[in-house]
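> Any chance you could fold what I've pasted below:
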Amino acid sequence: MSVMKRVSLIFRAKADKALDRMEDPRETLDYSYKQQVEMLTRVRRGVADVATSRKRVELQMNALQKEIDKRDGQARDALGKGREDLARAALQSKAQLVSQYGDLETQFASLQDQEEKLTLASQRLDAKVQAFRTRKETIKATYTAAEAQTRINEAFSGISEEMGDVGLAIQRAEDKTAQLQARAGAIDELLASGALEDHVSGSQDYIQAELDKIGAGGDVDSELARMKGELAASAPKELEGNADANGNGTAAGGQQATAAEQAGGEGL
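Numbers count the residues shown, from 1 in each chain. From the prediction side, this is the model:
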């Protein structure tokens with residue numbers, strides 16, 4: 001396959017895909033119905049034209065028939081008055097009119113046959129157009145309902161473009177809110193530490209801030225010293241309790257040993 005053929009094929013494929021995305025079946029159906037209605041209108045106009053031609057031929061035939069009857073009467077009158085030459089001329093004129101009448105009669109029969117065929121075709125086409133119109137409206141209603149259901153399902157699932165945009169907007173709002181909260185907290189910490197000045201409440205004394213820190217550290221040291229004193233005061237009491245327990249145990253052991261010795265002496 002040559003390069004130009006491949007390019008042409010790719011272009012046609014992409015164009016077909018783009019047209020398929022752009023196509024709305026409802027618009028296509030409406031356009032097809034419009035074309036069928038226009039065709040039906042042309043057929044009906046053709047029937048009317050043929051009927052008009054047939055009527056014109058019919059009027060010409062009626063006029064010729066009157067002229068034929070007139071020539072026939074003239075020939076009879078001429079013969080009655082002994083004018084055979086006039087009678088001959090009237091009959092010759094009558095013969096020409098009869099020939100013309102025959103041609104018009106042939107045309108009239110042909111036009112009448114065409115009119116009947118076109119009328120039948122118009123009726124059939126009208127029935128097809130009406131059936132197509134009913135089917136078109138049914139398909140359009142079904143397509144509209146399916147499209148609405150699809151949009152609802154996409155909205156519920158969050159995959160629609162509109163809901164996707166809403167989700168992104170919410171996410172951006174949450175991110176900005178979190179960023180502002182973090183910024184506000186950082187500024188509060190900087191103001192509390194004295195790194196930033198509070199221009200609304202007035203400037204803060206840096207020396208006083210350092211003294212406040214030292215005072216806070218002194219409080220911690222005092223608390224730590226108090227806890228150490230409590231631990232040191234409770235330690236001797238625990239040692240005395242252990243010593244008393246050990247002394248009582250030793251005395252009891254000595255008494256038990258003395259009793260055992262006395263029992264042994266008595267046995268001897």
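
> pLDDT below threshold where in the stretch 101-250 of the chain?
Along the stretch 101-250 of the chain, segments meeting pLDDT under 70 span 155, 157-167, 191-220, 235-250.

> What is the neighbour count of residue 25?
13 (other C-beta atoms under 10 Å). Where C-beta positions appear, they are placed from N, C-alpha and C, glycine not excepted.

> If you could redo that for residue 100, that was the one I meant.
15.

> Which residue, neighbours along the chain excluded, lies closest to it?
residue 64 (5.8 Å; C-beta to C-beta, 6 or more residues apart in numbering).

> didn't the one you found look like it was pressed against residue 103?
No - judged on C-beta atoms under 8 Å, residue 64 makes no contact with residue 103 at a distance of 9.8 Å.

> Those two: which is more packed in?
residue 64 (20 against 13).

> Name all residues that make contact with the more buried one.
Contacts here follow C-beta atoms under 8 Å, 6 or more residues apart in numbering; on that basis residue 64 touches 97, 100, 101, 104.

> filter those residues to the buried ones?
The neighbour-count test (16 or more other C-beta atoms under 10 Å) marks 97, 101, 104 as buried among these.

> Quick check: mean pLDDT of whatever helix or strand the residue nearest to residue 100 lives in?
According to DSSP states H and E, residue 64 maps onto helix 25-80. Across helix 25-80, pLDDT averages out at 91.

> Does anything pack onto whatever helix or strand comes next after that helix? Which helices or strands?
Later in the chain than helix 25-80, the nearest helix or strand by DSSP H and E is helix 84-157. Applying 3 or more C-beta pairs under 8 Å, 6 or more residues apart in numbering; DSSP states H and E, we find helix 84-157 packed against helix 25-80, helix 161-193.

> so what's the spatially closest residue to residue 67 that is not a sequence neighbour up against?
In this structure, residue 67 finds its nearest non-sequential neighbour in residue 97, 5.3 Å apart by C-beta to C-beta, 6+ apart. Applying C-beta under 8 Å, 6+ apart to residue 97 gives the contacts 64, 67, 68, 71.

> redo that, cut-off 6 Å
Residues counted as contacts of residue 97 (C-beta atoms under 6 Å, 6 or more residues apart in numbering) are 64, 67, 68.

> now swap in residue 121 and tell me
Counted by C-beta under 6 Å, 6+ apart, residue 121 has zero contacts.

> same check, this time on residue 58
No contacts exist for residue 58 under C-beta under 6 Å, 6+ apart.

> Quick check: the gap between it and residue 50.
From residue 58 across to residue 50, the span is 12 Å (C-beta to C-beta, to the nearest Å).

> try residue 175
77 Å.

> likewise residue 75?
Residue 75 is 37 Å from residue 50, by C-beta to C-beta.

> ok, now residue 60?
From residue 60 across to residue 50, the span is 16 Å (C-beta to C-beta).

> How about residue 39?
In terms of C-beta to C-beta, residue 39 sits 17 Å off from residue 50.

> Give me the more crowded residue out of those two.
Remark: of residue 39 and residue 50, residue 50 carries more neighbours, 20 against 12, as counted by other C-beta under 10 Å.

> could you list every residue that touches the more buried one?
Neighbours of residue 50 in contact, by C-beta under 6 Å, 6+ apart: 111, 114, 115, 118.

> Now the second one: closest residue in space that isn't a chain neighbour?
In space, and not counting its chain neighbours, residue 114 is closest to residue 50: 5.1 Å by C-beta to C-beta, 6+ apart.

> Please apply the same query to the third one.
Nearest in space to residue 115, with sequence neighbours left out and distances taken as C-beta to C-beta, 6+ apart, is residue 50 at 4.6 Å.

> what do you get for the first one?
In space, and not counting its chain neighbours, residue 111 is closest to residue 54: 3.9 Å by C-beta to C-beta, 6+ apart.

> so who does that neighbour touch?
Residue 54 neighbours (C-beta under 6 Å, 6+ apart): 111, 112, 115.

> any idea how far it is from residue 2?
For residue 54 relative to residue 2 (C-beta to C-beta), the value is 60 Å.

> Alright, I will stop here.
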